[in-house]
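Participant: I would like to see how this sequence folds:
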Amino acid sequence: MSTPDKQLLHYVEEFGLFFEQFGLARTAGRMLGWLLVCDPPHQTMDELTEVLQVSKSSISTASRLLIQTGLVSKVSFPGERKDFYRISEDAWIQAWSAKNNQTTAMREMAARGLELLPDDPNRQKRLQEMHDLYGFLEEELPKLTERWLKEQSQQT
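Facilitator: Here you go, the predicted structure:
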């Protein structure tokens, strides 16, 4: 494997820091970033440990997390004894769909809180805003998803 361009490695580091802000392990973010820009688009664990300068156990942990989220897939090729990792087909729409499910959960959480405060409009106000926003998003995000999928199908 040739040494990756320093700008690409810097980008991968930025990716790791970005995703770390949202609760993802930095190594998982770095792995995701690398898989977005690497050539070939599939990488072995050895290749990932070399370029990211982390242990195999770190890659193993990160890959399990990324596979569970649907962002990364483990693949194999005929005649190859090693597994490869790559960005999943439709990774971003899968991640977006998972966010849609979280939107429903947030609205439901706010609704349960509102039920606990039936006679207290001052305390309800904070929950009502949360409930209304997530209700709106719950209704609108699937429409955006459909629109995106339609546009993507027209481009292919």
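Participant: The lowest-mean-pLDDT helix or strand in the chain: which residues count as buried?
Facilitator: Within the chain, no helix or strand scores below helix 91-116, which has a mean of 91 by mean pLDDT, DSSP states H and E. Going by neighbour count (16 or more other C-beta atoms under 10 Å), the buried part of helix 91-116 is 91, 103, 106-107, 110, 113-114. For the C-beta atoms, the positions are set from N, CA and C on the backbone; glycine is no exception.
Participant: how about Arg86, phi and psi?
Facilitator: Arg86 has phi and psi values of phi -150, psi 160 when expressed as degrees, to the nearest 10.
Participant: Over to Ser73?
Facilitator: phi -120, psi 150.
Participant: Is it in contact with Ser88, as I believe?
Facilitator: Yes: between Ser73 and Ser88 a contact is recorded at 4.4 Å, counting by C-beta atoms under 8 Å.
Participant: The two: which is more packed in?
Facilitator: More crowded of Ser73 and Ser88, by other C-beta atoms under 10 Å: Ser88, with 20 against 17.
Participant: Strictly from the record, what residue spans define the domains of this protein?
Facilitator: Domain ranges of the chain: 6-87, 91-155, per automatic domain parsing.
Participant: which of these has the lowest average pLDDT?
Facilitator: Between the domains of the chain, the lowest average pLDDT goes to domain 91-155, which shows a mean of 92.
Participant: Can you check the distance spanned by it, start to finish?
Facilitator: Terminal residues of domain 91-155 are spaced 18 Å apart (C-alpha to C-alpha, to the nearest Å).
Participant: For it, what is the distance to the chain centroid?
Facilitator: 18 Å (C-alpha atoms, centre = their mean, to the nearest Å).
Participant: quick one: the strands in this protein?
Facilitator: Applying DSSP state E to the chain gives strands spanning 43-44, 72-75, 84-87.
Participant: what are the pairing partners of the shortest one, and which direction each?
Facilitator: Spelled out, it's strand 43-44. The pairing partners recorded for strand 43-44 under DSSP bridges are strand 84-87 (antiparallel).
Participant: so of the domains of the chain, which one's packed in deepest?
Facilitator: Highest mean neighbour count of these: domain 6-87, a mean of 16 (counted as mean count of other C-beta atoms under 10 Å).
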